[in-house]
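**Student:** Coordinates for the following, if possible.
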Amino acid sequence: MKTFILMWNPAFSSYTWDRFKKDQAEICKDDWCEGVGNWSVWEHEKVEEGDRFFMVKVGEGKTGIVMAGYFYSDCYDGEDWSGKGRKTYYADLLIQVQIDTELADIITTEELLREIPNFDWSGGHSGRLLDDASAEKLELLWLRYINKVRFNKKENAVFIRDINDVSGVLERYLSRTYGNTCKQCGYNYQKVFGEDCKEYVPYYLFLSEDDKEPLSENELFSRLRCICDNCLSVVLDSEN
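**Tutor:** Predicted coordinates:
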């Protein structure tokens, strides 16, 4: 899984702030809205269906990450959104999180520049590939952010499709850092079938709708657990 950064400047984009606000109200109300639908991608030849994206609002006002999710198509060519007749490639977006900057805190441009300084977060081409190390840093930053912003109760402020979503990028970091041994039964594919085995035990994030406040750092990472498929249903039942 790769990570791409999409840029959005409402002052110049065909996707206006008013359209965003309308989509935000709809997606928060119905838990489903196609929203913007697709977005132009500069490094289109590198995109594969299932890759990760983060959208950064740039330009005037409060800037930073306003959307995250996954591409659910490869890139395809289409009519230039700017009307200039340029060759333009788009990918369809599956929105997992969307935030209204007027109603909620966001991960700001300044914070992104401080934490990941080797990338231009203030503008440039939309749909640029983020290197693997920076993508992992961003996912950890995002995990901590979701832990806090999910408690924002203002109407239409925050849409989160699945608070327990763990991206492949975050799994890559967790696998390398903590290994892939099931915390319940101790099963590990590589221990059984050898180091060449590509199978792994996936990670799950066990946040709860019953949580009353953001978790501490230790509590948050304790909710990220490596659980094999056989044990998952048992663990889910115990969590509920």
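
**Student:** in this protein, which spans are strands?
**Tutor:** Using DSSP state E, the strands found in the chain span residues 3-8, 38-40, 52-57, 64-71, 76-78, 88-99, 128-130, 158-160, 203-205, 224-226.

**Student:** Parallel or antiparallel, list what pairs with the longest one.
**Tutor:** Meaning strand 88-99. Here strand 88-99 is paired, per DSSP bridges, with strand 38-40 (antiparallel), strand 64-71 (antiparallel), strand 76-78 (antiparallel), strand 158-160 (antiparallel).

**Student:** Among those strands, single out whichever gets nearest to C226.
**Tutor:** Minimum separation from C226 across these (C-beta to C-beta) falls at strand 64-71, 21.8 Å. Every residue, glycine included, has its C-beta placed from N, CA and C.

**Student:** In the chain, which residue is most central in space?
**Tutor:** A68 (4.0 Å; C-alpha atoms, centre = their mean).

**Student:** That residue: what's it in contact with?
**Tutor:** R52, F53, F54, M55, I95, Q96, V97, W142 (C-beta atoms under 8 Å, 6 or more residues apart in numbering).

**Student:** Look at the third one and say how many residues are nearby.
**Tutor:** Residue neighbour count, defined by other C-beta atoms under 10 Å, stands at 22 for F54.

**Student:** hang on, it packs against W8?
**Tutor:** No - judged on C-beta atoms under 8 Å, F54 makes no contact with W8 at a distance of 10.8 Å.

**Student:** mean pLDDT for the strands paired with strand 88-99: which is lowest?
**Tutor:** Averaged per stretch, pLDDT over the strands paired with strand 88-99 is lowest on strand 76-78, reaching a mean of 81.

**Student:** and this protein, what are its domains?
**Tutor:** Listed by automatic domain parsing, the domain ranges of the chain are 3-163, 179-240.

**Student:** just those: most buried one?
**Tutor:** domain 3-163 (a mean of 17; mean count of other C-beta atoms under 10 Å).
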